[in-house]
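A.B. asks: Here is my input, please return the structure:
(one chain, ligands or ions: 1)
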Amino acid sequence: MSENTTTTAGDAVPAQRTATEPLMRVEGVAKHFPVKGGFPIKRTVGAVKAVDGVTFDVYPGESLGLVGESGCGKSTTGRLLTRLLEPTGGKITYRGQDITHASRKQLAPIRSEIQMIFQDPYASLNPRQTVGTIISGPMEINGINPPGGREKRVRELLEIVGLNPEHYNRFPHEFSGGQRQRIGVARALALEPKLIIADEPVSALDVSIQAQVVNLLQDLQRDLGIAFVFIAHDLAVVRHFSERVAVMYLGKVMEIADRDSLYKRPRHPYTHALLSAVPEADLDAGQRERIRLSGDVPSPINPPSGCRFRTRCWKAQDKCATEEPPLVQLSGNAEGHLTACHFPEEPTLEARDEDIVMDPALAAMEKDAH
Ligand SMILES: Nc1ncnc2c1ncn2[C@@H]1O[C@H](COP(=O)(O)OP(=O)(O)OP(=O)(O)O)[C@@H](O)[C@H]1O
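C.D. replies: Numbering: from 1, shown residues only. Model (predicted):
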């Protein structure tokens with residue numbers, strides 16, 4: 001039962017966005033890390049296919065969530081978008097400019113526009129520098145002198161991220177984890193970016209603090225019109241923050257859709273499984289059966305043929321081993337809702353909210369927002 005398809009990944013555009021040019025286009029992008037072996041002379045004996053042909057667009061001011069289990073290539077994708085890594089295949093275009101293999105010099109003018117926020121706020125802040133020096137660093141490197149001076153701007157930025165401007169001269173260790181992540185956010189904002197890649201920005205923080213930092217990022221995205229690519233393994237956090245969500249598995253995008261379509265009418269079995277993933281303790285008798293993903297993600301050095309998810313998929317058939325399913329719009333799906341599956345789940349019209357186990361702090365925050 002293969003479905004009719006109407007659209008391909010290159011057209012991954014929800015209806016309301018068709019008039020807008022993407023800020024960034026990611027087309028078939030790959031990153032293969034060489035694996036060295038042999039003695040005494042080390043040779044390349046294989047490759048870790050960390051990212052293996054991903055395609056999506058990022059629109060100005062939007063928030064796109066990138067989710068998937070550990071090791072599926074989310075961080076590598078983030079580093080490719082910021083060009084901290086150079087792709088081994090595909091094409092990345094930023095505001096119409098091909099930056100796939102751009103040199104440092106060619107990247108210089110756009111470096112300031114694409115910033116990254118990292119998971120571990122402590123590791124990414126120099127412990128010997130004051131907060132003032134850390135946040136003004138990017139301005140100094142880029143020779144930017146804001147009106148009123150850099151110190152004034154740093155104090156403004158501290159205020160924007162909810163920190164006391166008087167703490168300009170303090171050191172990172174004097175702040176809590178959540179405050180340190182706010183310092184990282186202020187540093188990312190220093191150059192007035194158009195795109196921020198946030199790589200698991202809250203997963204190292206206490207649950208109660210996570211909600212506050214997610215809230216801050218959401219305010220920034222709305223108020224400053226910054227586009228966000230929010231990387232997380234937690235679908236609950238992404239649901240709160242992202243207007244569109246891409247689900248990755250073993251270096252590929254399995255499904256991408258606007259938030260409502262993805263959470264309420266997921267078509268890819270893997271998306272279903274992620275939505276059903278709940279802690280064992282919550283599985284009461286009488287609750288409807290939840291999908292349990294068994295086994296580990298296979299090695300990206302030697303991914304399964306055909307569909308990469310097939311070795312863990314309850315719907316897999318022979319075709320799944322021989323033919324890689326393209327990422328396409330299945331009949332019945334909303335525009336921009338693309339799925340890579342030969343035997344997709346039926347679209348369900350039932351709300352699947354019960355599948356999403358939210359942290360109480362996030363759930364309360366969502367309730368307030370509605
Ligand atoms: N520099 C590298 N050299 C070799 N392999 C790498 C390198 N960086 C990442 N990998 C491998 O690529 C795969 C994808 O890693 P990546 O960190 O992008 O995944 P992820 O989805 O972000 O996982 P996590 O949530 O654990 O960070 C993993 O198997 C990882 O071991």
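
A.B. asks: going forward, measure contacts and count neighbours with C-alpha atoms only.
C.D. replies: Will do.

A.B. asks: Tell me, please, where in the stretch 151-300 of the chain the pLDDT is lower than the cut-off.
C.D. replies: 277-292 (pLDDT under 70).

A.B. asks: Find the closest residue to the ligand in it.
C.D. replies: Scanning the stretch 151-300 of the chain for the residue nearest the ligand gives Pro300, at 5.7 Å (criterion: CA to the nearest ligand atom).

A.B. asks: Where is the longest helix in this protein?
C.D. replies: Longest helix in the chain, counting residues (DSSP state H): helix 207-224.

A.B. asks: Can you point out the buried residues in the helix or strand hosting Gly53?
C.D. replies: Under the criterion of DSSP states H and E, Gly53 resides in strand 43-58. Of the residues in strand 43-58, those buried under the neighbour-count criterion (16 or more other CA atoms under 10 Å) are 48-58.

A.B. asks: Check which helices and strands that strand is in contact with.
C.D. replies: With contacts defined as 3 or more CA pairs under 8 Å, 6 or more residues apart in numbering; DSSP states H and E, the packing partners of strand 43-58 are strand 24-37, helix 74-81, strand 252-258.

A.B. asks: Out of the ones you listed, which gets nearest to the ligand?
C.D. replies: When the helices and strands packed on strand 43-58 are ranked by distance to the ligand, counting by CA to the nearest ligand atom, first place goes to helix 74-81 at 3.5 Å.

A.B. asks: any idea of the mean pLDDT in whichever helix or strand comes after the closest one?
C.D. replies: Elements were assigned by DSSP H and E; along the chain past helix 74-81, the next helix or strand is strand 89-94. Regarding strand 89-94, the rounded mean pLDDT is 97.

A.B. asks: same question, stretch 112-129
C.D. replies: Averaging pLDDT along stretch 112-129 gives 86.

A.B. asks: Now do it: distance from first to last residue.
C.D. replies: 21 Å (CA to CA, to the nearest Å).

A.B. asks: can you list contacts of it?
C.D. replies: The set of residues external to stretch 112-129 that reach it, using CA atoms under 8 Å, 6 or more residues apart in numbering, is 82, 134, 142, 171-173, 177, 180-181, 184-185, 188-189, 191-204.

A.B. asks: how does it look with 6 Å?
C.D. replies: Residues outside stretch 112-129 that contact it (CA atoms under 6 Å, 6 or more residues apart in numbering): 172, 180-181, 188, 191, 193-201.

A.B. asks: I'd like to know which of the residues you listed are buried.
C.D. replies: Buried positions within the contacts of stretch 112-129, assessed by neighbour count (16+ other CA under 10 Å), are 172, 180-181, 188, 191, 193-201.
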